[in-house]
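Asker: Could you look at this predicted model? Sequence included:
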Amino acid sequence: MKLRVTSGSLGGRRFDAPKGHKTHPMSEKIRSAIFNMLGDISGLTVLDAYSGSGALAFEAVSRGAQKVYAVEKDKSAFSTIQKNKDLLRLGNELSVSVSNVSSWLKTNNLIFDIIFCDPPYNDVKISVLEQMHKYLVDGGIMVCSLPTGQVKEVAQKLEDLKEITIKEYANASILIMQK
């Protein structure tokens with residue numbers, strides 16, 4: 001399956017999605033809507049947790065993020081992201097790691113302007129999402145893609161963050177919150 005960067009310097013460029021059913025690549029429509037809501041991200045530091053296809057990371061780089069970190073624990077998906085990074089001729093602006101996101105956050109002393117959380121829908125760990133906001137700058141944004149039935153529960157559990165919006169789509173709900 002081929003995916004496409006929707007806008008920015010890489011707009012229109014195609015890349016491969018990981019094979020198999022462990023990832024659920026976010027649609028172009030939803031990615032485009034998220035980035036349109038976020039506005040200008042030039043110069044920001046971004047984490048694509050549960051990177052899967054790397055689509056959010058590639059989109060962030062394309063739209064001017066200064067540094068993007070893509071973290072994916074599935075080795076096959078990680079390999080696909082790395083190949084796509086090479087295909088798209090990306091350099092140090094994108095760092096790709098194969099790791100459990102919880103462990104990666106604890107071992108890397110980093111904070112982010114934006115954190116994307118698009119976990120496997122059969123394995124949403126609210127406790128990890130609750131810890132993740134500690135790695136946001138003040139005023140930072142957390143964007144979560146979740147099964148529609150879980151979005152309200154997650155919004156309530158992330159009580160230290162202010163809900164900005166919830167957008168519902170056919171297969172997912174997008175929760176955007178601010179620290």
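Answerer: Good, I have the coordinates.

Asker: quick one, what contacts Asp160?
Answerer: Contact criterion Cβ atoms under 8 Å, 6 or more residues apart in numbering gives 133, 179 as the residues in contact with Asp160. (Each C-beta comes from the backbone N, C-alpha and C, glycine too.)

Asker: Apply 7 Å and report the result again.
Answerer: The neighbours of Asp160, taking Cβ atoms under 7 Å, 6 or more residues apart in numbering as the test, are His133.

Asker: Can you tell me the SS state at it?
Answerer: coil (DSSP: H, G, I helix; E, B strand; the rest coil).

Asker: what are the phi and psi values for it?
Answerer: The phi and psi values for Asp160, taken as degrees, to the nearest 10, are phi -80, psi -10.

Asker: partner strands of the lengthiest strand in the chain, parallel or antiparallel?
Answerer: Counting by DSSP state E, the longest strand found in the chain is strand 136-146. Taking DSSP bridges as the criterion, strand 136-146 pairs within the sheet with strand 112-117 (parallel), strand 173-178 (antiparallel).

Asker: mind listing the helices for the chain?
Answerer: The residue ranges that make up the helices of the chain, judged by DSSP state H, are 28-38, 55-62, 75-87, 101-107, 126-132, 151-157.

Asker: Tell me which of those is the most buried.
Answerer: Per residue and on average, the most neighbours among those fall to helix 55-62, with a mean of 28 (mean count of other Cβ atoms under 10 Å).

Asker: Average pLDDT for it, rounded please.
Answerer: When pLDDT is averaged along helix 55-62, the result is 97.

Asker: that older thread, please tabulate the helices of the chain in a markdown table, including the columns distance to Arg4.
Answerer: Conversion of the helices of the chain to a markdown table gives the following (distance: least, Cβ to Cβ, whole Å):
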| stretch | distance to Arg4 |
| --- | --- |
| helix 28-38 | 6 |
| helix 55-62 | 9 |
| helix 75-87 | 12 |
| helix 101-107 | 25 |
| helix 126-132 | 28 |
| helix 151-157 | 26 |
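
Asker: Of all those helices, which one is nearest Ile174?
Answerer: When those are ranked by distance to Ile174, counting by Cβ to Cβ, first place goes to helix 28-38 at 6.2 Å.

Asker: ok so, going back, minimum distance to Gly139: which of the helices of the chain has it?
Answerer: Each of the helices of the chain has some distance to Gly139 by Cβ to Cβ; the shortest is helix 28-38, at 12.8 Å.

Asker: So what angle separates the directions of the closest one and strand 112-117?
Answerer: 150 degrees (axes from the mean of the first three to the mean of the last three Cα atoms, to 10 degrees).

Asker: looking only at pLDDT, what's the mean for helix 28-38?
Answerer: Confidence over helix 28-38 (mean pLDDT, whole number) is 94.

Asker: what angle sits between it and helix 55-62?
Answerer: 50 degrees.
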